[in-house]
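[1] no FASTA, just this:
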């Protein structure tokens, strides 16, 4: 069975035209953090920032990266 983070990534990949993808990616990143996988969370947050720069959750993704101690451009 897939974990919550992987399920959310699968949703994002298979529903790329919906406006919910950035939110699904944010929740996937949070799931990875909760599961003790900060590197996977970082990758997922960077995907939000890079692929969805105009999304409502872009700023939150940058904030979470900063909290994790990763450099944000």
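    It's in. What you are looking at is a predicted structure, and each value in this text was computed from that prediction instead of being measured.

[2] Against which helices or strands is the one helix or strand residue 13 maps to packed?
    Using DSSP states H and E, residue 13 sits within helix 4-14. If contacts are counted by 3 or more C-beta pairs under 8 Å, 6 or more residues apart in numbering; DSSP states H and E, helix 4-14 sits against helix 21-34, helix 38-51. The way it works is simple: take the backbone N, C-alpha and C, and place the C-beta from them, glycine included.

[3] Let's see that with 7 Å instead.
    helix 21-34 (3 or more C-beta pairs under 7 Å, 6 or more residues apart in numbering; DSSP states H and E).

[4] And the pLDDT at residue 1?
    Note on residue 1: pLDDT of 58.

[5] heads up, I number from 32, so please use that
    Sure, I'll start numbering at 32, so the last one becomes residue 32.

[6] low pLDDT regions in the protein?
    32, 104 (pLDDT under 70).

[7] what's around the residue lying closest to residue 73 once chain neighbours are set aside, how many residues?
    Leaving aside its chain neighbours, residue 73 sits nearest to residue 101 (5.6 Å; criterion: C-beta to C-beta, 6 or more residues apart in numbering). Residues within reach of residue 101, counting by other C-beta atoms under 10 Å, total 15.

[8] SS state for residue 101?
    coil (DSSP: H, G, I helix; E, B strand; the rest coil).

[9] hang on, it packs against residue 74?
    No - with contact defined as C-beta atoms under 7 Å, residue 101 does not reach residue 74; the gap is 10.5 Å.

[10] just the angle between the host helix or strand of residue 97 and helix 69-82, please?
    Assigned by DSSP H and E, residue 97 belongs to helix 89-98. If you take axes from the mean of the first three to the mean of the last three C-alpha atoms, to 10 degrees, helix 89-98 sits at 150 degrees to helix 69-82.
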